[in-house]
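Enquirer: just coords:
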């Protein structure tokens, strides 16, 4: 009998706080080489959307997430993100559980956005904002709130921003500009339009770019990445400790980021090279530099890793006995 | 509500004969570029086994098979091949069905083995044999029997060969040599030992190599592939039509075959190049040559394609209403 976690059962089993810790540990295990992962595979069904097959291996389990991105689906009353997460025993291949992929994805995307913001943002960051109130934007806002932060939420669809903000305990931003000025900024848009144009990020800001996860998508302009790459404060404008601000660019995984996501366009334009980008997990284990100054601009490009999904699935499994799960007899 | 096909329900929905036709059509759709497929991704959990994530797109559906190969599992009372096939609507990403991967794999592997044998073997082939009586070998034997052929079945484990032969209506081979002499030969072994050594294939024979589907596995010696590649009968020994026998080598998919399977070792040794190998689907649509002489030696290297699994899943869906399927509410 294979147990099935519905979306609400995934959320019941794994709180945003628990997800954050689980994803933190997964990034560390991955950086240490203990958890492994081939790059995700895209199955294009454009213009409607695409499917992704995302395998990972770690903690004695193998995981496969089969998940969609169909941005026009909500207009038809269907979810943008749907699919299943399959969790198998790595010692003998036997299937152990099936989980709703939408809920797992929202939890781990929210967790990664906030993990990057807390790791790379200013320690004294006062304001946090999320741009985009879809399921994964809601996940990010929910995780910020769980961490005790006041969060501004903005969406092109004002009613949606209002509704989601109420649900998660965030505040609808009065304007896009207000949200964009936050110390800790998370963008979770469909990636069809640039959110961060040339010159938009201010000294001290952190931006977690979560939305541009497929071919041709971007949330930040190549010019802005190029500018941040070479950004260096004048000494005069520096903090009292005399450390000038620098631009610092990070990815969840260099291999995936070089194929999809916000950095690809800059790589292809020659505006960015591998040496310009550090991995989040490497910062967590002290192998790469994080923020050095309160005037640094930090950018985190998320492509979404299957090891994050594995972290959530294993956290859910801790509650496999306590929930009234459906099951299927194979 | 997502319907679930157990292994026996997959077999109830799709006969070996139906599977053969479905897989035949899938190879044609794939050769024509109507069905598409990224190469499968391996997740290694060696030495115990591995997982494969196999996506495909065609007929308005997207498919993902998450399937294992753990050769030592039967000794523990567990299946070598297990996992799930997920079938989604390609227009909106919604999950339509989940199927037992072991049953789908056995049906499509048996179908491909026999399809290749019937397409590439002698039209007047009298004898057929299957080496290896695991689940996929059983699938191949069952498909040959469904086509009205007398089949010899051989396995290192004599009792298993006996039991499977009885179940499918095949004959246990009295010796390995007897089986190896068949006009239409199918090998479905774990690929840890060479089945076809240098000089083993005789003029006129066809061999479908189904077993060596993972890194480091092989069922045929590189020397034998190299010999067959340049094999050319003397005119004197040729058939009465004066056409000398030649060696002809085929794969299910060049891209996959160049990464896994029996041909890799020959590619790496420089004994075989891309121009030496034709794709089965290209033969079916007349884009590549098939057998030209009754003294040709033909070899088909199967790596296993997700488009085959898609063919079986769609055939099963034709019976989604008629079976008493379990379902899960996501």
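Expert: Received the coordinates, thanks. Keep in mind it's a predicted model, so treat the numbers as computed, not measured.
Enquirer: low-confidence ranges in chain A?
Expert: Within chain A, the segments meeting pLDDT under 70 span A:234-242.
Enquirer: Work out which residue lies at the spatial centre of it.
Expert: By CA atoms, centre = their mean, chain A has its centre lying nearest to residue A:109, at 3.8 Å.
Enquirer: Okay, and that residue sits in which element?
Expert: For residue A:109, the host element (DSSP states H and E) is helix A:101-120.
Enquirer: For the residue lying closest to residue A:34 once chain neighbours are set aside, what are phi and psi?
Expert: Among residues not flanking residue A:34 along the chain, residue A:58 sits closest, at 6.6 Å (CB to CB, 6 or more residues apart in numbering or on different chains). Every residue, glycine included, has its C-beta placed from N, CA and C. Main-chain dihedrals, residue A:58, degrees, to the nearest 10: phi 180, psi 150.
Enquirer: one step back: ok, the residue nearest to the centre of chain A touching residue A:141?
Expert: No - contact criterion CB atoms under 8 Å: residue A:109 and residue A:141 do not qualify, at 11.3 Å.
Enquirer: burial measure for the residue nearest to residue A:167 when sequence neighbours are not counted, as a count.
Expert: Nearest residue to residue A:167, sequence neighbours excluded (CB to CB, 6+ apart): residue A:138, at 7.3 Å. Residues lying near residue A:138 (other CB atoms under 10 Å in any protein chain shown) number 25.
Enquirer: Give me the contacts around the helix or strand following the helix holding residue A:109.
Expert: Next along the chain after helix A:101-120, taking DSSP H and E as the criterion, comes strand A:128-131. Here strand A:128-131 makes contact (CB atoms under 8 Å, 6 or more residues apart in numbering or on different chains) with A:113, A:117, A:137, A:140-141, A:144, A:149-155, A:170, A:173, A:176, A:178-189, A:195.
Enquirer: which of these count as buried?
Expert: Neighbour counting with 16 or more other CB atoms under 10 Å in any protein chain shown marks A:113, A:117, A:137, A:140-141, A:144, A:149, A:151-155, A:170, A:173, A:179-189, A:195 as buried within the contacts of strand A:128-131.
Enquirer: now the angle between helix A:101-120 and the helix or strand containing the residue nearest to residue A:167, please.
Expert: Remark: residue A:138 resides in helix A:135-146, with elements defined by DSSP H and E. If you take axes from the mean of the first three to the mean of the last three CA atoms, to 10 degrees, helix A:135-146 sits at 50 degrees to helix A:101-120.
Enquirer: could you point out which element follows helix A:135-146?
Expert: Downstream of helix A:135-146, the first helix or strand assigned by DSSP H and E is strand A:151-154.
Enquirer: Give the buried residues for the next helix or strand after that next one.
Expert: Next helix or strand after strand A:151-154 toward the C-terminus (DSSP H and E): helix A:158-168. Residues of helix A:158-168 classed as buried: A:160, A:161, A:164, A:165, A:168 (neighbour count, 16+ other CB under 10 Å).
Enquirer: Dump those residues to TSV, plus distance to residue A:67.
Expert: Putting the buried residues of helix A:158-168 into TSV (distance: CB to CB, whole Å) gives the following:
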residue	distance to residue A:67
A:160	21
A:161	24
A:164	21
A:165	26
A:168	22
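Enquirer: was I right about residue A:189 contacting residue A:136?
Expert: No - contact criterion CB under 8 Å: residue A:189 and residue A:136 do not qualify, at 9.9 Å.
Enquirer: Are there residues contacting both of those two? Which ones?
Expert: Counting by CB under 8 Å, 6+ apart, the common neighbours of residue A:189 and residue A:136 are residue A:211.
Enquirer: quick check: angle from the helix holding residue A:109 to helix A:158-168?
Expert: Here the directions of helix A:101-120 and helix A:158-168 differ by 80 degrees (the same axes, to 10 degrees).
Enquirer: Residue A:293 against residue A:244, yeah?
Expert: Yes - here residue A:293 reaches residue A:244: they are 6.7 Å apart, a contact under CB under 8 Å.
Enquirer: The buried residues of helix A:158-168 also near chain B: which ones?
Expert: When CB under 8 Å from any CB of the partner chain is applied, no member of those is adjacent to chain B.
Enquirer: Just the closest of those to chain B, please.
Expert: residue A:160 (20.0 Å; CB to the nearest CB).
Enquirer: Who are the contact partners of residue A:287?
Expert: With contacts defined as CB under 8 Å, 6+ apart, the neighbours of residue A:287 are residue A:31.
Enquirer: Tell me the secondary structure of it, please.
Expert: Three-state assignment for residue A:287 (DSSP: H, G, I helix; E, B strand; the rest coil): coil.
Enquirer: got the phi/psi numbers for the spatially closest residue to residue A:128 that is not a sequence neighbour?
Expert: Closest residue in space to residue A:128, ignoring its immediate chain neighbours: residue A:184 at 4.2 Å, by CB to CB, 6+ apart. Note on residue A:184: backbone dihedrals following degrees, to the nearest 10 are phi -110, psi 110.
Enquirer: Against chain B, how distant is residue A:184?
Expert: In this view, residue A:184 and chain B are 31 Å apart by CB to the nearest CB, to the nearest Å.
Enquirer: likewise residue A:174?
Expert: Counting by CB to the nearest CB, the gap from residue A:174 to chain B is 34 Å.
Enquirer: Wasn't that residue part of a strand?
Expert: No - secondary structure of residue A:174 (three-state DSSP): coil, not part of a strand.
Enquirer: which other residues reach stretch A:3-17?
Expert: A:22, A:96-100, A:102-104, A:107, A:110-111, A:139, A:142-143, A:145-147, A:312, A:315-316, A:318-320, A:323, A:325-328, B:328-330.
Enquirer: Find the helix or strand that residue A:97 is a member of.
Expert: Element membership of residue A:97 [criterion: DSSP H and E] is strand A:95-100.
Enquirer: which helices and strands sit right next to that strand?
Expert: Applying 3 or more CB pairs under 8 Å, 6 or more residues apart in numbering or on different chains; DSSP states H and E, we find strand A:95-100 packed against strand A:2-5, helix A:7-13, strand A:83-89, helix A:306-317, strand B:83-89.
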